[in-house]
Structures are given as structure tokens and as C-alpha cells.
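Trainee: Can you look at this prediction? I've put the sequence above it.
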Amino acid sequence: MSEQNTPGTTTGQAGESAARFRPTAVAAVRLDSIGEALGVPVPGVSAAVGVTGISLNSRTVERGDLYVALPGASRHGADFVTQAVERGAVAVLTDDAGARLLALSAETHVPVLVVDGPRNVVGPLSAMIYQSQPDAGHSPRLFGVTGTNGKTTTTYFINALLRALGQRTGLIGTIEILAGGEPIPSLLTTPESTDVHGLLALMRERGLDAASMEVSSHAISFQRVDGVIFDVAGFTNLTQDHLDLHGTMDEYFATKAELFTSRRARAAVVMVDDEWGRKLAASAGIPVTTVAAAPSSGSADWTVTATAARGLGTEFTLSGPNDARLQVHTGLPGAFNVANAALATVMVLASGMDADAVQTALADHDPFTVAVPGRMQLVSEEPAAVVDFAHNTDALARALEAVRSPLPDSRVIVVFGATGQRDQGKRPAMGAIAAKLADVVIVTDDDPHDEDAATIRADVLAGARGAREQGALECVIEEIHPRDSAIKRAVELARREDTILVAGRGHEVWQEVKGVNLALDDRVELRNALTARGFTVLQDDRIES
């Protein structure tokens, strides 16, 4: 977290959360050792200053910290040095522009180190200060999962399987952060590098055996995983998303591919169900194990075979080298969750776990039936009502296909919108997919941010109506806002044999509109609407997680 406010975060929340992202005890690193690592001399008495933490945000500084003052979108971090020092910062790292600002302001009473591009050294410095992954001594095995869709579910699956194997585990991701204690709500898919290394050190301190982390393309682009070495890096898939950041799919892929280099990971497990996975498997700079879940994927080290429906989920055989066979089950619906379960299993195997022990854990504990908040989360069964995070074209298509009931008279009713100030090209495409795969399409608002919500809805509706006209489809298309009203409308239309899919926001509990965060949880709204109509909802405390 930098000096720029994260939406939905107050100053107090920022400080409170960051305090839980660190070990309780850190051996002080002398400032001259830090200077030597940076190639910057630290003369005189400053050389002996002891540094016990590092922060990019003056509001999260703790006593003994090195405060890193970076340039921001509107202010330079050097403007906040006084606050950082008041909170206990013992030294400052900044660039030439920051040093000039400090020279013009009141006298700074702590040492100031100046380097070109300080952002580039934050990750390695954090690793050095916190000793997050030392060469000597125990460190949790670290699993990193990247890809457009499936990161959250796959990390939850890895976590559940490792726990079934008797491991003490941690988790860093979109929904929450677990480090052997109470869950910490997550503000970013991948936290800032200072927090990542602090968390890894906290996990070391608590004696955890393994940890799973979501690694977004933003995390790689914004250097949030710099200085981190993953024991096993996994790749789910790549579909259109985040082109507002990356520009093209080739650039998006290139960013993801950076994770699969010897600088960042020791081994890779790659799903080869799409062309991007096959390209990655062929070009990765580390040992690769391939996994195929789709029949058309061609050869792979591990393949999914003999799939069969079991309740809402699927059981399947995972066939591997030397005639290895594992029997796997996931209770979550959809072919994509079969792929997520297969990837999680092979990643755990790639870390050195014994295959027989893995099979026993799969059979005895059914780890892939774990509830993942906001990911194909079932709220009721009649009608089937599901909340899912699907917020791009491919994810929405997969979710709609997954929830389609085999009952001949059942309909799929989908409620969704598109996010403001993001990739605008996917809006009509999402509308078109909804029209093709659902019977009733209710277009509403997601997070408009600072963009006009009506304009966003119009883009989505244009795609939906265009697809309906072009394909002579019979789907019903409605525009309803605000979002809670759209959810109520879906429930009003639903019959017991139907399926309602509320897509796009998943576990999120705030909707950002013009800089204001409005309390809104799709799971709560859906449960309340179903209850008001007399339908029975599933009583699961995790719905409000």
C-alpha cells in the first residue's frame, strides 16, 4: 500500500492491517548493510542505525522502520516524511526528486538514502530486512498461482489439500490473508512487496509449513512480488482482461510469463488447455509439468479422464507419468473447477509430496469441496442461486455453462454488470455472452467508480441486444439498477426449477460509486430476497465472510 489511499480503506484501517502483516520480532539490520546492498555509502554514526521494518506508507510506519518515499500520482512520498518520522521511522529511502523536496522542507532528523528508481529495490530490501526466505533455516514452501481466472479457487484448493496432508498453512489472496491466526481481510489481490515479505516472515515465525499466494498481473507489473521465490508457480489460463493496463494480449501474457523464470520460481505447473498455456509451457525458463483438463488439449504430463457428475460437482481420474492414477473429486460445479482441482493437485505433487499420501488425503478429506467465498457459492438449491466473481467474458461464459440445469423446463437468470474505468472492450462481449447462454439477462451496475453508470450499462446492453438480434435468440433482457433491485427482480422471476447467477462481485462487500463506498454484499441481498419470497436458503456462516 503506497501513500495513495486504497478505495474503502481509512487511515486507521491501513495502520491496523499493516501491523498484522509483520513478524513480532525482527533482528535489526544496520543501515550501513542496507547502504552496501544499495551501493550507497552511509557515513558516520548513521551507519549503526538499526532497521527492523520497511514501509511505503507513512500511516503504516512502525518504530524502527525504513520509510520508502516514492513518487505518486499526485504527491511524492517525501511530502509525508515528517509523519513517518513521528511514527518511528529511523531512516528514509527516496529518489533524487524526493531528496530535493526534503532539502526544501524542514530539516530531516533521520538519515536519507538516495537511489535511482527506489521502487526497484523495495522487494529485495524487504526480503533482507525481514529475512522472509533465508538461504539457511526453515521457510514455508511457497505456491504461487497466476492466470486470468481460477487463481482464488486454486489457492484455496491447494490450501485445503495441504491441510488434509497435515500441513500448517498460510494463504495470501483476493479474499483474505491467513498466517496461522485469525483471517485478515485482503485489500489487494497481492499486497505490496513490503507486506508480502512481512507476511512470509510472520509465517516463518509461526512455524507454518506452506503458503499459497495469488499472483496477479498487477502484482508483477507493480513489483509486489519482487524478491520472492516461489517453490512452485502455477498457471490457470489467459483470457481477455486488464487490457486497460497491458494494452494487448501479448503484453498481458508477457507479464504473466515473468513469474515462470528462475528469478521468481523453482518449478512450474501449467494448464495447457489454451494456446497461452501451451506457449508458456514451451518458453518457461524453469522445469515445467503440464496438465490438461480439456479433451482437445493434446498431450500433457497429467490429464483429466473419466469425468462423471457427482451431485453439483465432478469426480475424475488424474492420469500421470508411469501409469500414475489419482481419483479426485470437487464439489464445486463447472468444468473450470475440475481444471482448478487438477492444477492444485499437481502443484502439491510438484512440491515433493508423496502421491500415495495425496491420494489418501483426497479420499479421506474431500478437500476440493471447500467453500470459496464468492466463487460459485451456493446460496439456495430451489431455485439454485449462485454468487460468483465472474467479471470478464470467459469467466462469465464458464459460470453460465456450469450452472445450466439438465432439467428441461429450467431457466438461467443472470444478474451482472461491468466495472467502470476498466477494459471497455469486454463490456459488449460480456453482454453478448449473457444473451447467448442465459434465458433472462438483467443488466445492472458493478463498481462504476468515477464513470457514469448508465454509460457502462449501455455498453453491456448493446452487446446483449446485438447478440439477441443477430442470433434470433429468445432471451429476455432487462436493465435494472441499483444492484440490490436487480437481484430482487431476478428472485421475483425465478421458479423453483430455475437457476439464478449473480455475477461479477463475488465476495466483495462494498460498491464504489463516485468515490463513495456503499455497503453491498450480493450473497446477503440474494439470501434476503429469496427469504422474502418464501424460498429456503442454505444457512452457511461463510456467506458473509
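Mentor: Looks like it came in fine. A quick note: this is a predicted structure, and the numbers were derived from the prediction, not measured.
Trainee: going forward, measure contacts and count neighbours with C-alpha atoms only.
Mentor: Will do.
Trainee: which residues does the residue nearest to F368 when sequence neighbours are not counted bridge with?
Mentor: Distances taken as CA to CA, 6 or more residues apart in numbering place T330 nearest to F368, at 4.7 Å, with adjacent residues excluded. Listed beta-bridge partners, T330: T314 (assigned using DSSP bridges).
Trainee: Could you shift the numbering so residue one becomes 734, and keep it that way?
Mentor: In the new numbering, first residue 734, that becomes T1063.
Trainee: correct me, but T1063 touches A1072?
Mentor: No - contact criterion CA atoms under 8 Å: T1063 and A1072 do not qualify, at 10.0 Å.
Trainee: Who has more neighbours out of those two?
Mentor: T1063 (26 against 23; other CA atoms under 10 Å).
Trainee: what's near enough to touch I767?
Mentor: L858 (CA atoms under 8 Å, 6 or more residues apart in numbering).
Trainee: That one - that's part of a helix, no?
Mentor: Yes - according to DSSP: H, G, I helix; E, B strand; the rest coil, I767 belongs to a helix.
Trainee: Regarding T881, what is its secondary structure?
Mentor: coil.
Trainee: how close does it sit to T1232?
Mentor: 25 Å (CA to CA, to the nearest Å).
Trainee: Might one say that S1030 is in contact with W1009?
Mentor: No - with contacts counted by CA under 8 Å, S1030 stays clear of W1009, the gap being 11.7 Å.
Trainee: Give me the more crowded residue out of these two.
Mentor: Using other CA under 10 Å as the criterion, S1030 and W1009 rank with W1009 on top: 22 against 16.
Trainee: my read is that one is in a helix, agree?
Mentor: Yes - counting by three-state DSSP, W1009 falls inside a helix.
Trainee: And for it, nearest residue in space, chain neighbours not counted?
Mentor: L971 (6.3 Å).
Trainee: how about P774, secondary structure?
Mentor: coil.
Trainee: okay, now the residue nearest to P1054 when sequence neighbours are not counted: neighbour count?
Mentor: Spatial nearest neighbour of P1054, chain neighbours left out: D1034 (6.3 Å); criterion: CA to CA, 6+ apart. Counted with other CA under 10 Å, residues neighbouring D1034 total 16.
Trainee: From A1025, how far out is D1034?
Mentor: 8 Å.
Trainee: And for G786?
Mentor: 43 Å.
Trainee: Show me where the stretch 1084-1233 of the chain has its strands.
Mentor: For the stretch 1084-1233 of the chain, applying DSSP state E, counting those that start in this stretch gives strands covering 1110-1114, 1117-1121, 1145-1149, 1173-1176, 1209-1212, 1232-1236.
Trainee: Looking at those strands, which one is packed in the most?
Mentor: Ranked by mean neighbour count, those are led by strand 1232-1236 with a mean of 29 (mean count of other CA atoms under 10 Å).
Trainee: Which strand or helix spans the residue nearest to W1009?
Mentor: Assigned by DSSP states H and E, L971 falls within no helix or strand.
Trainee: which residues touch it?
Mentor: Neighbouring residues of L971 by CA under 8 Å, 6+ apart: G880, T881, N882, F986, D1007, W1009, G1010.
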